[in-house]
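Participant: curious how this folds, go ahead:
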Amino acid sequence: MHRIMRQLPLLLEKVVKICKVDQNGAVHFESGRLNNSEKIKSALAARFLANKLEPKIRREMTVKEISESLGIPKNIISATLKEIKDQRVAFTSSKGDYSIYPYQIATLLDKLSQKYGK
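Facilitator: Model (predicted):
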């Protein structure tokens, strides 16, 4: 976890080019070019990082929260989350909430920066 804290300024600089988290924890995207999987991964990364800045924002997200933030139906979110879990990018808690593995954040943001020139 210390590595994330050392990288936090750089990770925040990259994630805000993709999406932002408001004070209520909702994720808002800057670009519509990402596919559903990229949006979900980015939302989970953004929430994780937002939690480091503001602990009252939960780092986990429910299917409903992701669906509402992205405007994508819950059934599509659920199917995509299963794929993301199978890729070992995210995991579920015992309550069914989803979170990104912290070690995946830098790689994800680097790939998106390269792909979309952000």
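
Participant: using CSV, write out every CA atom in the helix or strand of the chain at the bottom of the mean pLDDT ranking.
Facilitator: Ranked by mean pLDDT, DSSP states H and E, the helix or strand of the chain with the weakest confidence is helix 2-15, at a mean of 84. Provided in CSV are the C-alpha atoms of helix 2-15 (Å, rounded to 0.1, in the frame of the first residue of the first chain):
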residue,chain,number,x,y,z
HIS,A,2,2.9,2.3,0.6
ARG,A,3,3.8,2.1,-3.1
ILE,A,4,0.3,3.5,-4.0
MET,A,5,0.8,6.4,-1.6
ARG,A,6,4.2,7.2,-3.2
GLN,A,7,2.6,7.1,-6.7
LEU,A,8,-0.6,8.9,-5.7
PRO,A,9,0.2,12.3,-7.3
LEU,A,10,1.1,10.7,-10.7
LEU,A,11,-1.9,8.3,-10.6
LEU,A,12,-4.3,11.1,-9.8
GLU,A,13,-2.8,13.2,-12.7
LYS,A,14,-3.6,10.3,-15.0
VAL,A,15,-7.0,9.3,-13.7
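
Participant: contacts for it next, please.
Facilitator: Applying Cβ atoms under 8 Å, 6 or more residues apart in numbering, the contact partners of helix 2-15 are 42, 45-46, 49, 52-53, 102-103, 105-106, 109-110, 112-113, 118. Placement of C-beta: from N, CA and C, glycine included.

Participant: which residue sits closest to the residue nearest to the spatial centre of the chain, ignoring its sequence neighbours?
Facilitator: Centroid check for the chain by Cα atoms, centre = their mean gives L44 as the closest residue, at 2.1 Å. Distances taken as Cβ to Cβ, 6 or more residues apart in numbering place I100 nearest to L44, at 3.9 Å, with adjacent residues excluded.
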